[in-house]
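S.K.: return a 3D structure for these sequence lines:
(2 chains)
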Protein chains: 2
Amino acid sequence: MRPQIVLFGDSITQQSFGSGGWGASLADNYSRKADVVVRGYGGYNTRWALFLLHHLFPLDSSKPPVAVTIFFGANDAALKGRTCDRQHVPVEEYKENLRKIVQHLKECSPATLIVLITPPPIDEEGRKQYAISVYGEKATELPERTNEMAGVYARQCVELAKDLGIRSIDIWSAMQEAEGWQKKFLSDGLHLTPEGNAVVYQEVIRVFNDAWLSAAEMPYDFPHHSEIDGKNPEKAFQQRCI
Amino acid sequence: MRPQIVLFGDSITQQSFGSGGWGASLADNYSRKADVVVRGYGGYNTRWALFLLHHLFPLDSSKPPVAVTIFFGANDAALKGRTCDRQHVPVEEYKENLRKIVQHLKECSPATLIVLITPPPIDEEGRKQYAISVYGEKATELPERTNEMAGVYARQCVELAKDLGIRSIDIWSAMQEAEGWQKKFLSDGLHLTPEGNAVVYQEVIRVFNDAWLSAAEMPYDFPHHSEIDGKNPEKAFQQRCI
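M.R.: Okay, here's the model as predicted:
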């Protein structure tokens, strides 16, 4: 009955219902107006995401989502030959995989609002501290992700959105505008703090509002309680519920 | 594809995806295992909730929810003849309405795990402060809700659950076990603080785990990223996705 907003991505999407998470904030914002559905897959890159595409977004769905955020790249941009080599996807393939995801969603429903989100920036010092906390002395000196490489993927993501005429959020650039972004927005050099979640939430809401998906302009699913006459409640429900 | 857990209730359910909210915490806990769907209606009592029942839980649904929490009573227990008179529902009717909701859900699917939650306690001083903050000098001296009356409704809720052989959470009693519950758990004498949300979350998880709905024992919807062979990803997806 209610429209669905699907959040498709990696761990940064999967964790978006944690305390202060951007997904939970979206669900709160669209309360009684749209359902926010999390389809976040920690550790996934775009190559693996393609395996899920037809399962998560079947072509014959009678009710495709009104909006989908696509938030991959943090794992694709892991460096080749380092500890996360397994997750690495070359940037050209990353862009092509994103293109396939967008094309599939357009095939499901041309009306769906599709928003590409770039990978966030990387705090290399934070990643190093994290590796030491997990692996101790065995932690390698060589970073498995760099901010520079995340930026290369972010630019391709934004460029693809322009090519396809869809909206994008350059969270890699947006976060780096703030002083101290490294610790302010990132908890382990990669994942988001509550402040980092707030930045993503604000950017997504800005883009949704700028399109046609403003919660303020969407109807409640059922009458607001103030519209219900205590003595004659049937009346308020007549239109939609009886 | 994923099982659904539906949270049905009033404002305390509607607001459960706010910061630290019990609904968002549930969604995080069942991440990649079940979808948590909010069906919270601020200001609603059980009488009005009945109008929504067949719309939210159609009898012919091909995929009924695996679990439903029913969390009403805070508005039903508003005192007759006071400022929230419109929302008042006599306690006998409250109990019968809850019975109708449970019976309908059982008719939808006998396998659905149904959990009744009592209204939370009321901090009358907190309600008074809230009324003054909204209405100023016009705020009435007479409380619109009392903790005693909320307790009357809570007891009927627990009793009904026993009658019907289903699970219940007596949040009215559970919260009052803690010293300073009035300000610790309630933000305006009625709605929940983040600590109050944590109590509800813990109680719901306890009951869900005690039934057969423990996230730890539920399968992931798709392979965990660590199971995916970087050189041969097809293999991990073969069973469920190709």
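
S.K.: need the contact list for the residue lying closest to A:Arg99 once chain neighbours are set aside.
M.R.: Nearest non-adjacent residue to A:Arg99, counting by CB to CB, 6 or more residues apart in numbering or on different chains: A:Leu160, 6.1 Å away. Placement of C-beta: from N, CA and C, glycine included. Neighbouring residues of A:Leu160 by CB atoms under 8 Å, 6 or more residues apart in numbering or on different chains: A:95, A:98-99, A:102, A:116, A:168.

S.K.: how about the residue nearest to the spatial centre of chain A: what's its closest non-neighbour residue?
M.R.: The centroid of chain A falls nearest to A:Phe71 when counting by CA atoms, centre = their mean (4.2 Å). Spatial nearest neighbour of A:Phe71, chain neighbours left out: A:Gly9 (3.3 Å); criterion: CB to CB, 6+ apart.

S.K.: identify the bridge partners of the one you found.
M.R.: Beta-bridge pairing of A:Gly9 under DSSP bridges involves A:Gly40, A:Phe71.

S.K.: shouldn't it be in contact with A:Asn75?
M.R.: No. Using CB atoms under 8 Å, A:Gly9 is not in contact with A:Asn75; the gap is 10.0 Å.

S.K.: check the secondary structure at A:Ala154 for me.
M.R.: Of the three states, A:Ala154 takes helix under DSSP: H, G, I helix; E, B strand; the rest coil.

S.K.: what count of nearby residues applies to it?
M.R.: 24 (other CB atoms under 10 Å in any protein chain shown).

S.K.: quick check, pLDDT for it.
M.R.: As predicted, A:Ala154 sits at a pLDDT of 98.

S.K.: again with the one 3 residues further on
M.R.: At A:Cys157, the model reports a pLDDT of 98.

S.K.: quick check: chain neighbours aside, which residue is closest to it?
M.R.: For A:Cys157, the spatially nearest residue (CB to CB, 6+ apart) is A:Thr118, at 4.4 Å.

S.K.: got it, and A:Ser16?
M.R.: A:Gly23 (3.0 Å).

S.K.: let me see the contact set for the one you found.
M.R.: Contacts for A:Gly23 (CB under 8 Å, 6+ apart) come out as A:7, A:13, A:16-17, A:36, A:38, A:40, B:27.

S.K.: got any ranges where chain A has weak pLDDT?
M.R.: The model of chain A has pLDDT under 70 over residues A:240-242.

S.K.: and the helices in it, which stretches?
M.R.: A:11-14, A:22-29, A:46-56, A:91-108, A:124-135, A:147-164, A:171-176, A:181-184, A:194-210, A:233-241 (DSSP state H).

S.K.: just those: most buried one?
M.R.: helix A:22-29 (a mean of 26; mean count of other CB atoms under 10 Å in any protein chain shown).

S.K.: and the gap between the residue nearest to A:Arg99 and A:Gln103?
M.R.: Look at A:Leu160 and A:Gln103: by CB to CB, to the nearest Å, they are 11 Å apart.

S.K.: ok, now A:Leu142?
M.R.: 36 Å.

S.K.: before we move on, back to that, out of the contacts of A:Gly23, flag the one nearest to B:Trp212.
M.R.: Set against B:Trp212, the nearest of those by CB to CB is B:Ala27 (19.3 Å).

S.K.: wait, isn't the closest one in contact with A:Asp35?
M.R.: No. B:Ala27 is not in contact with A:Asp35 according to CB under 8 Å; the separation is 11.1 Å.

S.K.: overlap of the contact sets of these two?
M.R.: A:Ala27.

S.K.: next, the contact list for the closest residue to A:Arg145 other than its chain neighbours, please.
M.R.: Nearest residue to A:Arg145, sequence neighbours excluded (CB to CB, 6+ apart): A:Ile122, at 4.8 Å. A:Ile122 makes contacts with A:145-147, A:149-150, A:186, A:189-190, as judged by CB under 8 Å, 6+ apart.

S.K.: run a quick neighbour tally on the residue nearest to A:Ala34 when sequence neighbours are not counted.
M.R.: Spatial nearest neighbour of A:Ala34, excluding adjacent residues (CB to CB, 6+ apart): A:Pro3 at 4.6 Å. For A:Pro3, the count of nearby residues is 16 (other CB under 10 Å).

S.K.: didn't A:Pro3 look like it was pressed against A:Asp35?
M.R.: Yes. With contact defined as CB under 8 Å, A:Pro3 reaches A:Asp35; the gap is 7.4 Å.

S.K.: quick one: contacts of stretch A:98-110?
M.R.: Taking CB under 8 Å, 6+ apart as the rule, stretch A:98-110 contacts A:8, A:46, A:49-50, A:53-54, A:57-59, A:61, A:64-65, A:68, A:70, A:72, A:112, A:114, A:116, A:157, A:160, A:164, A:166.

S.K.: how far off centre is that stretch?
M.R.: 16 Å (CA atoms, centre = their mean, to the nearest Å).

S.K.: and that stretch, C-alpha only, in PDB?
M.R.: Extracted C-alpha coordinates of stretch A:98-110, given in PDB (Å, rounded to 0.1, in the frame of the first residue of the first chain):
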ATOM      1  CA  LEU A  98      26.700   0.700 -11.600                       C
ATOM      2  CA  ARG A  99      25.400   1.300 -15.100                       C
ATOM      3  CA  LYS A 100      24.000  -2.200 -15.200                       C
ATOM      4  CA  ILE A 101      22.300  -1.700 -11.800                       C
ATOM      5  CA  VAL A 102      20.700   1.600 -13.000                       C
ATOM      6  CA  GLN A 103      19.600   0.200 -16.300                       C
ATOM      7  CA  HIS A 104      18.000  -2.800 -14.500                       C
ATOM      8  CA  LEU A 105      16.100  -0.500 -12.200                       C
ATOM      9  CA  LYS A 106      14.900   1.700 -15.100                       C
ATOM     10  CA  GLU A 107      13.700  -1.500 -16.800                       C
ATOM     11  CA  CYS A 108      11.800  -2.400 -13.600                       C
ATOM     12  CA  SER A 109      10.200   1.000 -13.600                       C
ATOM     13  CA  PRO A 110      11.100   4.100 -15.600                       C
END
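
S.K.: ok, back up a step: how much space between the residue nearest to A:Phe71 and A:Thr146?
M.R.: 21 Å.

S.K.: so for these two, which sits in the more crowded spot?
M.R.: Just comparing A:Gly9 and A:Thr146: by other CB under 10 Å the higher neighbour count belongs to A:Gly9, 27 against 17.

S.K.: which residues sit in contact with the more buried one?
M.R.: A:39-41, A:69-72, A:117.

S.K.: tell me the one of those nearest chain B?
M.R.: A:Tyr41 (6.6 Å; CB to the nearest CB).

S.K.: run a quick neighbour tally on the closest one.
M.R.: 26.

S.K.: which residues touch it?
M.R.: Per CB under 8 Å, 6+ apart, neighbours of A:Tyr41: A:9-11, A:13-14, A:48-49, A:52, B:32, B:222, B:225.
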